[in-house]
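In: Pasting the sequence and the predicted coordinates here, then a few questions.
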Amino acid sequence: MAESSVPMPALASQICHQISSVFTQSDSTPQALEVMVEEISGAATRRGRIFVYGVGREGLMMKGLCMRLFHLGLSAHCVSDMTTPPVSSPDLLIVSAGPGGFSTVNAICGVAQSNGARILLVTAQPECGSSVAYASAIAYLPAKTMADDHDDGGGVGSGGGSRPLLPMGSLYEGAMFVLFEMVIFRLAEVLGESPEAIRSRHTNLE
């Protein structure tokens, strides 16, 4: 098996640099971190439940967020789980649609909206896309998704060509993970949750 000419620490550094660059792009819209903390803490204040949903790898990042929200002591649920309760007016639905819209996201948002819940959309396309119309608030994450990564310059050499380090929307999904870790860190401060309290809610059925 041929080995890459680029050593592992260098590859890791390049990937981390690409993800961090997402958070240094200048833009006049509110920062995604502040929007998410405000929406989630607002739901906690009104004793609402929090629901999360995303498709594909975006959905995996959303499930990780849901787990940590539960560890913070919030009533957090992944849409389509067998134990997911009904959505109602005090609640918050957090969805991800990197390219701006997915038909499944739209359908779920429509149900939440008709029941009076707030909808927080995480997206790389805040000004277009079918899911934007449902959003009560938007967390803008300016990273390439699978819909627009065809001309990705952040690659590594391989013979005469170049292969992207983070293909098919991986940059957006990696940025989601980092964003959500920042959100949890900030929420722990806002909600007054100590590391010990957070840790105590982790399952012991493992």
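Out: Now that the structure is in, tell me what you want to look at.
In: For residue 49, which non-adjacent residue is closest in space?
Out: Nearest residue to residue 49, sequence neighbours excluded (CB to CB, 6 or more residues apart in numbering): residue 75, at 4.3 Å. For the C-beta atoms, the positions are set from N, CA and C on the backbone; glycine is no exception.
In: so residue 186 makes contact with residue 31?
Out: No: counting by CB atoms under 8 Å, residue 186 stays clear of residue 31, with 10.9 Å between them.
In: any idea how far the residue nearest to residue 49 is from residue 32?
Out: In this view, residue 75 and residue 32 are 23 Å apart by CB to CB, to the nearest Å.
In: Which one's more surrounded, these two?
Out: Between residue 75 and residue 32, counted using other CB atoms under 10 Å, residue 32 has the larger neighbour count: 25 against 15.
In: What residues does the closest residue to the more buried one other than its chain neighbours make contact with?
Out: Nearest in space to residue 32, with sequence neighbours left out and distances taken as CB to CB, 6+ apart, is residue 139 at 3.8 Å. Residue 139 is in contact with 32, 35-36, 120-123, 179, counting by CB atoms under 8 Å, 6 or more residues apart in numbering.
In: In ChimeraX, how would I select just the buried ones from these?
Out: Those of those that count as buried under 16 or more other CB atoms under 10 Å are selected in ChimeraX with:
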select :32,35,36,120,121,122,123,179
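In: what's the closest of the contacts of residue 139 to residue 25?
Out: Comparing the contacts of residue 139 against residue 25 with CB to CB places residue 32 closest, at 11.1 Å.
In: Check the closest one and give its pLDDT.
Out: Listed pLDDT for residue 32 reads 95.
In: Show me where this structure has its helices.
Out: Counting by DSSP state H, the chain has helices at residues 8-22, 32-45, 56-71, 103-114, 170-191, 195-200.
In: Of all the ones you listed, which one comes closest to residue 145?
Out: With CB to CB as the criterion, residue 145 lies closest to helix 170-191 of those, at 4.6 Å.
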